[in-house]
Structure formats: C-alpha cells, structure tokens
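> sequence plus the predicted model coming up.
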Amino acid sequence: MQFPAKTFIVTLVSAVTFAFGAAPATAAAPTEDFSPGSASVLPAPGISQTLNTTEDTLSTQALDSMMTPSSERASTPHNFDVEAAIALAESEIGTSRPTGWSQPGECIMSAQRWIRAGGGAWAGGGNPVSNYDGATRLTIADAQPGDIVQYEHLASPTSWVTGVHTLLITGVNDDGTFTIIESNNPGGSGLVSKDEAWTPKPPAGFQAVVWRF
C-alpha cells in the first residue's frame, strides 16, 4: 500500500518528536573522586604547583592580615612526631624526584611524605583547602616547626593554579624568619632544598596559610 507523501512526513515528524520527548531532559552529571589517597590531591597535568619563593611579590596588605594572631588555635599541639618528620625532610635535601601528577617530587607530595613519616594524619585531598581536612588553620605569626605553609589563591582558594606552593617549617628564627624545607623549587626540578632565612613571599593574589596536623 502506498501512502501520500504528506501523510508519511507528518507520521515521521510525530515519531521523532515523541522519541525526544520521552528521553530524559538531562544526563546524570559525572562525579569526581576526591577521597583520601585519590590522585586528585594534585593539580591537573601541566599546571605547576611551584614558584620561585625568592621573588619578593608579597603585598603589604596581605602580610598585615596574615600577622593577626589566632591566640586560641595557636596553642593547638601537633598530633605527630615533629622531629621524625623533620628528620626525613632533612635527609632528602639535595635529592630530586619525578614531578607531575601525584609524583613524589611535587611540593605537596613531599610535604605529605614528611608529615606521614612522623605519624601525621594527612589524609585529605581534592584541593588546596580540603587537602587539610583535620588540620588546624593558623596565621604565619603562629607558625612553629612541623607546620605546613600553603600558598593559597585569594579569589579562588580551592583552585590548583600556578602560584600554589607547599612547604614545611623546620625552625623559627629570632629575627622573625623561618627555616624551611621544600620540594620542586624551581618548578619541574623535583629538588628538595633548605632555606634558613625564609619569609613568606606569595605572588600577587595569594596568601600564605599555615596548617598544623
């Protein structure tokens, strides 16, 4: 049996319209795994976590806000063996490791390795804030040996952007400077190095946050 062309076209359009109308309006959104131990603790490949910490780009306004004491939290004790953590970091000075996604030469992966060597419960992940779940957030004025300094983007603190950097404080000096050990500075080197007269010098738009496990 033959159908008139007009009838066939109307029937075809109706069938297609029904098929689209019966489909879900939106597909299920993909999910990301930010659980502890996930590779998501580091930025995506190609984004550097490190910078030249000798470059003096610190704004006076940011420094003033960081120096405000947090008296009650400042007395929070460390919940790990600080000496053991620093001992491992010291033993690695001058050595290099691979860098890149979740590689041991990255600054945050090195800091995690040192804290965990002392039994620190660094189990967070995901971004530069959720990485420190369970830790106490402090100012640079509160910093003590065993604390972690995280350079954090002011406008988007949970973003892994160029300029984010992580390091371990190993000493507090009488002149207000710190002794620190860091990895992957300069970026891509995976080099563990020590600075005995360090002051926070985050780039413009960043602040130095102290975390204590």
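Looks like it arrived, so ask away.
> give me the phi and psi for residue 84.
With angles defined as degrees, to the nearest 10, residue 84 sits at phi -70, psi -40.
> try residue 172
phi -120, psi 120.
> and stretch 131-141, how far apart are its ends?
One end of stretch 131-141 to the other measures 22 Å (C-alpha to C-alpha, to the nearest Å).
> again, but for stretch 180-188
19 Å.
> likewise for stretch 96-111?
Stretch 96-111 end-to-end distance (C-alpha to C-alpha) = 14 Å.
> now stretch 123-141: buried residues?
For stretch 123-141, the neighbour count (16 or more other C-beta atoms under 10 Å) marks 124-129, 131-132, 135-136, 138-140 as buried. (C-beta placed from N, C-alpha, C; glycine too.)
> among those, which lie within strands?
136, 138 (DSSP state E).
> just the buried residues of stretch 123-141 now: which is nearest residue 118?
Taking C-beta to C-beta as the measure, residue 118 lies nearest residue 135 of those, at 13.6 Å.
> quick check: that closest one vs residue 121, distance?
9 Å (C-beta to C-beta, to the nearest Å).
> likewise for residue 137?
16 Å.
> rewinding a little: pull up the overlap in contacts between residue 135 and residue 121.
Residues touching both residue 135 and residue 121 by C-beta atoms under 8 Å, 6 or more residues apart in numbering: residue 213.
> ok so, going back, which one of the buried residues of stretch 123-141 is nearest residue 184?
residue 128 (15.1 Å).
> surely residue 164 and residue 152 touch.
Yes - counting by C-beta atoms under 8 Å, residue 164 touches residue 152, with 7.2 Å between them.
> after the worst-scoring helix or strand of the chain on mean pLDDT comes which helix or strand?
Within the chain, no helix or strand scores below helix 60-66, which has a mean of 38 by mean pLDDT, DSSP states H and E. Downstream of helix 60-66, the next assigned helix or strand under DSSP states H and E is helix 71-74.
> for the chain, what are the low-confidence residue spans?
Scanning the chain for pLDDT under 70 picks out 1-71.
> tell me which stretches of it form strands.
Remark: strands assigned in the chain by DSSP E are 136-138, 148-153, 165-172, 178-183, 192-198, 206-212.
> quick check: neighbours of the shortest one in the sheet, parallel or antiparallel?
What it means is strand 136-138. strand 206-212 (antiparallel) (DSSP bridges).
> over to the fifth one?
Partner strands for strand 192-198, per DSSP bridges, with pairing direction: strand 178-183 (antiparallel).
> roughly how far does the nearest residue to residue 192 once chain neighbours are set aside sit from residue 126?
Nearest residue to residue 192, sequence neighbours excluded (C-beta to C-beta, 6 or more residues apart in numbering): residue 92, at 4.3 Å. Between residue 92 and residue 126 the distance is 26 Å, computed by C-beta to C-beta.
> ok, back up a step: show me the contacts for the residue nearest to residue 192.
110, 181, 183, 192.
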